[in-house]
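Novice: Generate coordinates for the sequence data below:
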Amino acid sequence: MLYSVTVLLFLVHVVLGYIHPITIKGKHFFDSLTGELFMVKGVDYQPGGASGVSTDKDPLSEIEECARDILLFQELGINTIRVYSVNPDLNHDKCMSLLASAGIYLILDVNSPLPNQSINRYEPWSSYNHDYLYHIFKVVEQFSHYNNTLAFFAGNEVVNDKVSATHSSNYMKAVVRDLKTYITHHSDRPIPVGYSAADDLSFRIPLAKYLECSNSTAELDSVDFYGVNSYQWCGYQNMQTSGYDQLVAHYADYTKPIMFSEYGCNEVTPRIFQEVEAIYSSKMSSVFNGGLAYEFAQEPNNYGMVEYLSDGRVKLLKDFETFKNQLAKASETYHIKQMNENVRSAPLKCQGTYENLGDKLVVPQSLGMAFITQGVKGEKGSYVELSDDDFVVKKEIFLSDGTKFQKSQIVATHNLNGPDTQQTVPEKSQGSKNGKYLQILNVETLTSSSRLTLKSNPIIHQE
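Specialist: Purely as a prediction, here's the structure:
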């Protein structure tokens, strides 16, 4: 369906989904429109830790705090953040619009530490219930409408010892299935669903293989990608001494994208992030799709890159500058054709048993079919207009030596498609409603960068 649109906007930055959704092809992530390889370069972001989400606030609900940290995300040179928990009853439009405008994607965990919003790893049957499913579907309902929502994590280290491995593995498969089924019915585009695993040698291979397999052609109970939380590269090491060569070897035949969902050992301080060069090199990029360094905000466990001071002020720690410099040096020419050779087309069938996962691997019947059929009631996220003032950071930021950080304004990099004027929707499922996925644009910039005339025949959704 084609629409003709002429819009004149004064003193606003426009964010209408010009940031392209990320899709999966074979074992890697790609820009769904340009076809460019997308390597995840990011940080884990949960200011306040478990207490950072409440009935009143979460990491993506406060625009001034978002603006402050997004400015620093741009300074780091990252393209992705991972948020561990949000409250879907809060509004996230401004923060998600600002992230999109800055060219930053979100990988979001659907669970939270609030009551009835996570799986009990030792008694999953007690927590896999209607309240839990309503919550995770509500998260999807809100965040699936933002183009810069890259993916969802169904769980984080739910399996982390012998008991949880035998009790919870099949429930994680059920949550993956339920999320993917809900997305299929209620999202305007496919959004990957993955799992973030503790890198325990007892479960490294069996859990990954179990969550990868499916006996259904639709593969709804199979993860779309797999995250590994690994802290084995400490200080000055190399591929062999760190064991990264074994990580690559163990996951070499994995049929889905693999990424580091957490990395950054702090047993040797200050951290030097030497592993960054390896992660984005040809030694690893045929298997790993980049990763997320743990973590942005300083907490008692001492992994932070920034420290929050009183009244919202921030001090950059030494790790911030080191990680920034390592990312800037990480560059590689990726051979995409080679990356997609020998990619499996048929589902990998499940085995009867997997080592160390016990013998109770039957996936529980879904308790969420009524929600999946009818949908859940929740606010659907949408991009909103942002004023010039929204891009200005009002909180003070200090360098590690105590001097004031001089930058104070976020650079909008993705509020216009610019020269991308001839692109089309690759598949029906890649379109979206509400005008959030415009693709054919002829843009005339007027005297002010904030004053724009958009003349277009955008393809909003192809029927």
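Novice: Sketch out the helices for the stretch 201-350 of the chain, chain order is fine.
Specialist: Residue ranges of the helices in the stretch 201-350 of the chain, as given by DSSP state H, counting those that start in this stretch, are 204-212, 239-242, 244-251, 275-279, 318-329, 336-339.
Novice: Least confident of these, on average?
Specialist: Per-stretch averages of pLDDT across the helices of the stretch 201-350 of the chain put helix 336-339 at the bottom, with a mean of 57.
Novice: looking at the helices of the stretch 201-350 of the chain, which is closest to residue 374?
Specialist: With Cβ to Cβ as the measure, helix 204-212 is the member of the helices of the stretch 201-350 of the chain nearest residue 374 (27.9 Å). C-betas here are computed from N, CA, C, even on glycine.
Novice: Tell me which residues are up against that closest one.
Specialist: Contact with helix 204-212 is made by 159, 165, 169, 172-173, 176, 195, 197, 222-223, 226, 250-251, 254-256, 348, 350-351, 354-357, 361, as judged by Cβ atoms under 8 Å, 6 or more residues apart in numbering.
Novice: Out of those residues, which sit inside strands?
Specialist: 195, 197, 226 (DSSP state E).
Novice: which residues does the first one contact?
Specialist: If you count contacts by Cβ under 8 Å, 6+ apart, residue 195 has them with 153-155, 172, 176, 211, 223, 226-227.
Novice: so which of the residues you listed comes closest to residue 263?
Specialist: Sorting those by how near they are to residue 263, with Cβ to Cβ, puts residue 227 at the top with 10.3 Å.
Novice: Next one: the nearest residue to that closest one once chain neighbours are set aside from residue 253, what distance?
Specialist: In this structure, residue 227 finds its nearest non-sequential neighbour in residue 261, 2.9 Å apart by Cβ to Cβ, 6 or more residues apart in numbering. Here residue 261 is placed at a distance of 20 Å from residue 253 (Cβ to Cβ, to the nearest Å).
Novice: higher neighbour count, those two?
Specialist: Of the pair residue 261 and residue 253, residue 261 is the one with more neighbours under other Cβ atoms under 10 Å, namely 28 against 12.
Novice: Neighbour count added to the contacts of residue 195, as JSON lines?
Specialist: Written out in JSON lines, the entries for the contacts of residue 195 read as follows (neighbours: other Cβ atoms under 10 Å):
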{"residue": "153", "neighbour count": "24"}
{"residue": "154", "neighbour count": "26"}
{"residue": "155", "neighbour count": "23"}
{"residue": "172", "neighbour count": "26"}
{"residue": "176", "neighbour count": "26"}
{"residue": "211", "neighbour count": "24"}
{"residue": "223", "neighbour count": "26"}
{"residue": "226", "neighbour count": "22"}
{"residue": "227", "neighbour count": "27"}
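Novice: Is it possible to get TSV of those that adds distance to residue 75?
Specialist: Putting those into TSV (distance: Cβ to Cβ, whole Å) gives the following:
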residue	distance to residue 75
153	26
154	31
155	31
172	36
176	35
211	35
223	33
226	30
227	25
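Novice: could you pull out the strands for the stretch 351-463 of the chain?
Specialist: Across the stretch 351-463 of the chain, reading from the start of the chain, the strands by DSSP state E, counting those that start in this stretch fall at 386-387, 397-398, 441-445, 452-456.
Novice: mind checking the longest helix of this protein?
Specialist: Using DSSP state H to define each element, the chain has its longest helix at helix 162-186.
Novice: That one packs against which elements?
Specialist: Packed against helix 162-186, as judged by 3 or more Cβ pairs under 8 Å, 6 or more residues apart in numbering; DSSP states H and E, are the following elements: helix 124-127, helix 130-143, strand 149-156, strand 193-198, helix 204-212, helix 369-374.
Novice: List just the nearest of the ones in strands among the contacts of helix 204-212 to residue 82.
Specialist: Top of the list for closeness to residue 82, among those and by Cβ to Cβ, is residue 195 at 13.0 Å.
Novice: wait, which of the helices and strands packed on helix 162-186 is closest to residue 283?
Specialist: For the helices and strands packed on helix 162-186, the distance to residue 283 is smallest for helix 204-212, at 18.9 Å, taking Cβ to Cβ.
Novice: Check which residues of that closest one are buried.
Specialist: For helix 204-212, the neighbour count (16 or more other Cβ atoms under 10 Å) marks 204, 206-212 as buried.
Novice: okay if I get those as JSON lines plus distance to residue 410?
Specialist: JSON lines is the format used below for the buried residues of helix 204-212 (distance: Cβ to Cβ, whole Å):
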{"residue": "204", "distance to residue 410": "39"}
{"residue": "206", "distance to residue 410": "44"}
{"residue": "207", "distance to residue 410": "39"}
{"residue": "208", "distance to residue 410": "37"}
{"residue": "209", "distance to residue 410": "42"}
{"residue": "210", "distance to residue 410": "42"}
{"residue": "211", "distance to residue 410": "37"}
{"residue": "212", "distance to residue 410": "38"}
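Novice: closest to residue 399 among the ones in strands among the contacts of helix 204-212?
Specialist: Each of those was checked against residue 399 using Cβ to Cβ; the closest is residue 197, at 35.9 Å.
Novice: For the closest one, give me its contacts.
Specialist: 157, 159, 203-204, 207-208, 226-229, 261.
Novice: Look up which residues are beta-bridged to it.
Specialist: When assigned by DSSP bridges, residue 197 has beta-bridge partners residue 228.
Novice: Which one of the buried residues of helix 204-212 is nearest to residue 265?
Specialist: Of all these, residue 265 sits closest to residue 204, with 17.0 Å by Cβ to Cβ.
Novice: State the three-state secondary structure for the spatially closest residue to residue 61 that is not a sequence neighbour.
Specialist: The spatially closest residue to residue 61, leaving aside those adjacent along the chain, is residue 90, at 4.4 Å (Cβ to Cβ, 6+ apart). Following DSSP: H, G, I helix; E, B strand; the rest coil, residue 90 is assigned to coil.
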